[in-house]
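K.L.:
Need coordinates for the following:
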Amino acid sequence: MKDKSMTVYPNAKINLGLFITGRRSDGYHLLETGFLPIPLCDVLELSVLVDEEEDRLEVVGGIETGALSDNLVLRAVRALRAVRPFPALSLRLAKHIPSGAGMGGGSADASFTLTAVNELCALGLSPEELEQIALGLGADCPIFVRNQPALGRGIGEVLTPLTLPQLAGYHLTIVKPEVHISTAEAFRGLLPIEPRETFLEVLLSQPVSSWSSSVINDFEPSLFPRYPELKEIKAELYRLGADFALMTGSGAALYALSKEPLSLETFEKKGYFLWQDRI
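P.N.:
Modelled structure (predicted):
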């Protein structure tokens, strides 16, 4: 075994468009989406417990993540133990990525746990094997194994590398109000979707300034009427100068791409979660 401790930084993602393209016989929806990892990160510390038999997990940061025993970090550890033996672990997760935001925070925590334990305990699993284990934890977990921009199809697990040179120099702004939307709630409320005439990767190859009329999120038409605040945030992002704004995943975070940093004073006054960086 290598060093007995490690710290990794599970990062969030945003969805560059999200098209619902069908539904499988088992009820899972088929989709097409652009995954873009972003440097908004949780912090996960791992260490091997000598002469102990049970894993320990501590979650800090004040972000609701549900029951500790069902946390995706522990579920990832259990999934790995089903294929490889390794000692008990001490895990400390500091949350910074908001939950119920559509930014994949829990999925990132799970997949970073897989890759970190694989290295820490010298399990020898390949990226392909880790992606298969990750898929068992959640449909958008595999994207965080290689953690590169990708086009996702199927239920999100069929990944193709995505090149986005037109994003160079853009500023990214994330805004999330005090709204929590579960994935199950978002899928239950989906409205009927018209068939697409153009593949998403073709639309994403165009200049960012053209995306507002074609790169959409199919969850917005059902969620915006239920949560008018989200629609208002998107309109405000455009008013502030965004070239493109969209809800990410199944919500409730929205993001904007702009050539210059956006003023966030309006959102600061409302106490929203805010984050900005340059792509």
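
K.L.:
Pull out the buried positions in stretch 68-85.
P.N.:
Neighbour counts using 16 or more other C-beta atoms under 10 Å place Asn71, Leu72, Val73, Leu74, Arg75, Ala76, Val77, Ala79, Leu80 of stretch 68-85 among the buried residues. In this view, the C-beta of every residue, glycine as well, is placed from N, C-alpha and C.

K.L.:
where along the stretch 1-150 of the chain do the strands fall?
P.N.:
5-8, 11-23, 29-41, 43-48, 56-60, 89-94, 150-153 (DSSP state E, counting those that start in this stretch).

K.L.:
Return the list of helices and strands in contact with the first one.
P.N.:
If I follow you right, that is strand 5-8. strand 43-48, helix 105-120 (3 or more C-beta pairs under 8 Å, 6 or more residues apart in numbering; DSSP states H and E).

K.L.:
what about Ile279, how many neighbours?
P.N.:
13 (other C-beta atoms under 10 Å).

K.L.:
no no, Glu128
P.N.:
Glu128: 10 surrounding residues under other C-beta under 10 Å.

K.L.:
And for Gly136?
P.N.:
Per other C-beta under 10 Å, the neighbour tally for Gly136 reads 13.

K.L.:
Contact partners for Ala139?
P.N.:
Tyr28, Ile155, Gly156, Glu157 (C-beta atoms under 8 Å, 6 or more residues apart in numbering).

K.L.:
Pull out the buried members of the residues you listed.
P.N.:
Buried residues within the contacts of Ala139, counting neighbours by 16+ other C-beta under 10 Å: Ile155, Gly156, Glu157.

K.L.:
How much space separates Leu230 from Ala186?
P.N.:
12 Å (C-beta to C-beta, to the nearest Å).

K.L.:
Those two - which one has more neighbours?
P.N.:
Between Leu230 and Ala186, Leu230 has the larger neighbour count (other C-beta under 10 Å), namely 24 against 21.

K.L.:
The residue nearest to that one when sequence neighbours are not counted: what secondary structure?
P.N.:
Excluding its sequence neighbours, the residue lying closest to Leu230 (C-beta to C-beta, 6 or more residues apart in numbering) is Phe224, at 5.6 Å. With DSSP: H, G, I helix; E, B strand; the rest coil as the basis, the three-state label of Phe224 is helix.

K.L.:
Tell me how many other residues crowd Phe224.
P.N.:
17.

K.L.:
So which of the strands of the stretch 1-150 of the chain is nearest Glu268?
P.N.:
Distance to Glu268, taken as C-beta to C-beta, is lowest for strand 29-41 among the strands of the stretch 1-150 of the chain, at 17.3 Å.

K.L.:
could I get that closest one in CSV with only the CA atoms?
P.N.:
What follows is strand 29-41, C-alpha atoms only, in CSV (Å, rounded to 0.1, in the frame of the first residue of the first chain):
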residue,chain,number,x,y,z
HIS,A,29,-35.1,8.6,-19.3
LEU,A,30,-32.6,8.9,-22.2
LEU,A,31,-30.9,12.2,-22.6
GLU,A,32,-28.2,14.1,-24.4
THR,A,33,-26.2,16.7,-22.5
GLY,A,34,-22.8,18.4,-22.4
PHE,A,35,-20.9,17.8,-19.2
LEU,A,36,-18.5,20.6,-18.2
PRO,A,37,-16.5,20.0,-14.9
ILE,A,38,-15.9,23.3,-13.0
PRO,A,39,-13.5,24.1,-10.2
LEU,A,40,-16.1,24.5,-7.4
CYS,A,41,-15.0,21.7,-5.1
